[in-house]
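# Any chance you can model this:
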Amino acid sequence: MAWLEEHPTSGHFKICFRLGNRRLKKTVKTTSKREAAGILARMEENLRLLERGRIEMPVGADLGTFLLSDGKLPSSPLLVAPPRPLLLKELCDMYVKVQSNGAIEVNSLRTIRGHLKHFKRTLGESFHVAMLGVVNLQGHIEQRSQDFGRAGSISTVTLRKEISTLRACWNWAMQAGKLTDPFPSKGIKYPKMDERPPFQTRAEIERQIARGALSERQIRELWHSLFLDRSEIDELLAHIRTDQPEPYLYSMVVLAAHSGARRSELLRLRIDDVDFATGTLLVHEKKRARGRRTTRRIPLSGFAQDTIKD
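As a prediction, this is how the structure comes out:
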């Protein structure tokens with residue numbers, strides 16, 4: 001004889017039955033009465049087959065499991081220990097190690113380390129990565145928004161870059177089989193970002209400062225938008241030539257003014273990159289194409305060529 005009983009709080013059903021003088025029970029892990037009734041009917045049939053000797057239960061087998069499996073499962077299923085959760089520190093260390101094989105430039109790798117360091121501070125090194133959700137990412141943004149960097153409070157641009165770094169780390173972990181779900185960034189809200197002032201001449205900036213009512217940060221942002229006209233560039237170059245702290249500085253600034261090359265590109269220049277026959281400069285790039293280093297040729301003005309020759 002077998003019957004159903006419903007747990008008063010969880011609503012799960014269990015099957016109770018008698019075998020000989022013993023009263024036994026087996027939870028069927030369902031809250032559907034119809035499904036539980038079907039399992040009960042099948043179990044009663046198996047119980048009758050067992051009493052008639054049509055099926056034989058192995059020694060040491062769990063009776064309830066054996067009956068629910070139609071006599072095919074000799075014992076309770078083995079419990080497989082769940083995999084150890086991936087910690088944030090472990091994920092960050094693995095990702096940085098993979099990227100350290102020359103896949104990205106040294107400066108970019110330093111930036112990645114810095115971004116991941118902030119996440120380890122706000123979330124904790126022992127944070128279970130698989131538990132990451134939009135609430136955690138939003139908390140990171142709110143906490144980082146209160147921090148201050150060299151130029152003041154952390155900008156929205158920096159916050160977006162940090163999230164992008166963690167997303168790249170997460171995507172790599174998915175490809176490596178460490179994570180299964182996509183990066184949970186949908187719904188993140190960033191602080192509103194102020195547009196930078198347009199590029200302006202020195203006279204335009206000085207007029208705005210003279211009117212007053214500007215904070216130190218606003219004044220600093222104005223000076224960041226400064227561009228020099230031709231006469232001011234010539235004046236700056238003349239000043240550096242007469243009072244240069246390093247012998248290479250004047251040539252470097254001349255090249256920057258007459259070619260538009262980046263500072264890092266100028267620092268990578270070699271003697272063979274300057275071709276006086278064609279009047280060009282070969283610039284080695286690192287940021288134009290992902291996964292490979294590229295070059296471009298820039299025409300050199302006569303003044304720039306004479307400066308380099310000197």
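
# Domain ranges for the chain, per the record?
Domain segmentation of the chain under automatic domain parsing yields 2-68, 88-175, 196-226, 228-309.

# How far does the last one sit from its chain's centre?
For domain 228-309, the separation from the chain centroid amounts to 36 Å (computed by Cα atoms, centre = their mean, to the nearest Å).

# Now the terminal residues of that domain, how far apart.
Chord length of domain 228-309, first to last residue, is 26 Å (Cα to Cα, to the nearest Å).

# same deal with the shortest one?
Distance between the boundary residues of domain 196-226 (Cα to Cα) amounts to 12 Å.

# Can you point out the buried residues in that domain?
By 16 or more other Cβ atoms under 10 Å, the buried positions in domain 196-226 come out as P197, Q200, I205, E221, L222. Heads up, the C-betas are built off the backbone N, CA and C, glycines and all.

# mean confidence score for stretch 190-206?
Per-residue pLDDT over stretch 190-206 has a mean of 89.

# Tell me if I am right that V283 is in a strand.
Yes: per DSSP: H, G, I helix; E, B strand; the rest coil, V283 lies within a strand segment.

# least trustworthy helix or strand in this protein by mean pLDDT?
helix 63-68 (a mean of 69; mean pLDDT, DSSP states H and E).

# Name the next helix or strand following that one along the chain.
helix 88-99 (DSSP states H and E).

# thinking again about what came up before, show me which of the buried residues of domain 196-226 is closest to D272.
Comparing these against D272 with Cβ to Cβ places Q200 closest, at 39.2 Å.

# what's near enough to touch the closest one?
Contact analysis of Q200 by Cβ atoms under 8 Å, 6 or more residues apart in numbering lists L222, S225, L226, F227.

# Pick out whichever of these sits closest to K97.
Nearest to K97 among these, with distances taken as Cβ to Cβ, is S225, at 40.1 Å.

# Can you tell me how far that closest one is from I205?
7 Å (Cβ to Cβ, to the nearest Å).

# Show the contacting residues for V283.
Neighbouring residues of V283 by Cβ under 8 Å, 6+ apart: S259, A261, E265, L269, D273, T295, R296, R297, I298.

# Using the centroid of this structure, identify the residue furthest from it.
With distances taken as Cα atoms, centre = their mean, the residue sitting farthest from the centre of the chain turns out to be R52, at 63.2 Å.
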